[in-house]
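Visitor: return a 3D structure for these sequence lines:
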Amino acid sequence: MKLFKIIFLILLFISSFLTIANAGSGPASIYKIQIFKIEFCDNTSTVSSCNGADTVYDDTAGDGSGWIDIASTTAGAAAASLGNISKLEFGKEYTHMQVTMSREFKLSGSASPGSGETCYTKAGSDGTDSLSATGSTSSGDQTEVTLYAAFVSTGLSDGFSGMSSVTDSTPQINEVEAGDTHFQKRMAFDSSFVLKAGKIPTIKVAFGTDTATGATGNMGGDCGTRSATVGMYAGPPDVSVSWQ
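Guide: Residues are numbered from 1 along each chain as shown. This next block holds a predicted model:
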């Protein structure tokens with residue numbers, strides 16, 4: 001049974017977590033994510049509502065897809081194969097996708113929060129589901145740490161919902177609360193997708209992690225200050241996707 005490679009569509013979702021004012025970005029040499037569910041939504045859907053969903057990947061009862069390191073994958077190659085295309089209906093028009101992911105990312109990288117210093121990810125300086133991470137001013141300290149995507153915040157886009165667990169049945173649209181461990185991201189396709197018999201699509205992709213580490217706020221001269229909205233976090237990768 002042929003697998004449908006859609007990991008890069010998921011990365012496209014990641015690229016629009018939320019806009020952070022006055023944030024800095026920098027390169028990531030390690031950029032790992034976890035995916036739990038992928039759904040295609042019918043033509044009555046919007047960015048705030050995934051209707052008539054057909055699930056092409058579901059590991060909500062397990063431990064996710066495993067850590068997928070985007071930074072180590074050659075541009076144009078498949079970082080992972082997720083999703084069974086046969087679970088979609090032939091002839092049905094899909095206009096949106098909804099992805100359920102962990103807010104926890106594994107990154108090694110650096111970024112400037114805007115106050116002059118460059119902050120590097122440092123062992124023992126992990127972020128949490130309610131706090132950003134601290135860092136180090138020494139490049140020699142850079143190592144893989146846990147960073148979280150999306151700050152605790154309200155007023156986010158309609159396409160974003162924070163979740164208290166991977167099976168949360170009442171995700172909060174437009175916001176992330178302290179303690180939210182997962183999120184859903186919805187996005188409209190550039191053009192609608194209809195699966196046709198004997199015509200399995202492939203994807204052409206280009207991506208990069210040159211700006212995938214984020215830092216914001218006054219972290220201090222030693223990069224040692226953090227709060228819910230100050231510190232280092234998982235930023236979006238650069239991704240472009242097209243159907244073939």
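Visitor: rest of the way, CA atoms for contacts and neighbours
Guide: OK.
Visitor: in the longest strand seen in the chain, what's buried?
Guide: Across the chain, the longest stretch assigned as strand under DSSP state E is strand 182-194. Within strand 182-194, the residues that count as buried by 16 or more other Cα atoms under 10 Å are 182, 183, 184, 185, 186, 187, 188, 193.
Visitor: state the mean pLDDT of that strand.
Guide: Across strand 182-194, the average pLDDT comes to 86.
Visitor: quick one: strands adjacent to that strand?
Guide: strand 93-102 (antiparallel), strand 160-163 (antiparallel) (DSSP bridges).
Visitor: now the ones you listed in JSON lines, with mean neighbour count?
Guide: Converted to JSON lines, these look like this (neighbours: other Cα atoms under 10 Å):
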{"stretch": "strand 93-102", "mean neighbour count": "24"}
{"stretch": "strand 160-163", "mean neighbour count": "26"}
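Visitor: right, and the ones you listed - which one's nearest residue 126?
Guide: Nearest of the strands paired with strand 182-194 to residue 126, taken as Cα to Cα: strand 93-102 at 15.3 Å.
Visitor: and for that closest one, what's in contact with it?
Guide: With contacts defined as Cα atoms under 8 Å, 6 or more residues apart in numbering, strand 93-102 is touched by 10, 13, 33-43, 45-47, 50, 166, 181-189, 191-195.
Visitor: distance between it and the chain's centre?
Guide: Mean-position distance between strand 93-102 and its chain equals 12 Å (Cα atoms, centre = their mean, to the nearest Å).
Visitor: avg pLDDT for the helix or strand just after it?
Guide: Going down the chain from strand 93-102, the next helix or strand is strand 104-111, by DSSP states H and E. For strand 104-111, mean pLDDT is 94.
Visitor: angle of strand 104-111 against strand 182-194?
Guide: 90 degrees (axes from the mean of the first three to the mean of the last three Cα atoms, to 10 degrees).
Visitor: who's in contact with residue 144?
Guide: 30, 106, 107, 108, 109, 121, 122, 123.
Visitor: try it again at 7 Å.
Guide: 30, 106, 107, 108, 121 (Cα atoms under 7 Å, 6 or more residues apart in numbering).
Visitor: what's across from the second one in the sheet?
Guide: Note on residue 106: beta-bridge partners by DSSP bridges are residue 32, residue 146.
Visitor: any idea how far it is from residue 28?
Guide: Counting by Cα to Cα, to the nearest Å, the gap from residue 106 to residue 28 is 10 Å.
Visitor: related to what we said a few turns ago, top of the contacts of residue 144 by neighbour count?
Guide: Among the contacts of residue 144, residue 121 has the most neighbours (other Cα atoms under 10 Å), with 32 neighbours.
Visitor: how many neighbours does the residue nearest to residue 137 when sequence neighbours are not counted have?
Guide: Leaving out its chain neighbours, the residue that sits closest to residue 137 by Cα to Cα, 6 or more residues apart in numbering is residue 119, at 5.1 Å. Residue neighbour count, defined by other Cα under 10 Å, stands at 31 for residue 119.
Visitor: my guess is residue 119 meets residue 110, correct?
Guide: Yes: using Cα atoms under 7 Å, residue 119 makes contact with residue 110 at a distance of 5.5 Å.
Visitor: now residue 129, nearest residue through space, not along the chain?
Guide: residue 179 (5.4 Å).
Visitor: doesn't residue 148 make contact with that neighbour?
Guide: No: counting by Cα under 7 Å, residue 179 does not reach residue 148; the two are 11.5 Å apart.
Visitor: these two: who's more crowded?
Guide: Per other Cα under 10 Å, whichever of residue 179 and residue 148 has more neighbours is residue 148, with 25 against 15.
Visitor: ok, now how distant is the residue nearest to that one when sequence neighbours are not counted from residue 44?
Guide: In space, and not counting its chain neighbours, residue 148 is closest to residue 104: 4.8 Å by Cα to Cα, 6+ apart. Distance, residue 104 to residue 44, using Cα to Cα: 31 Å.
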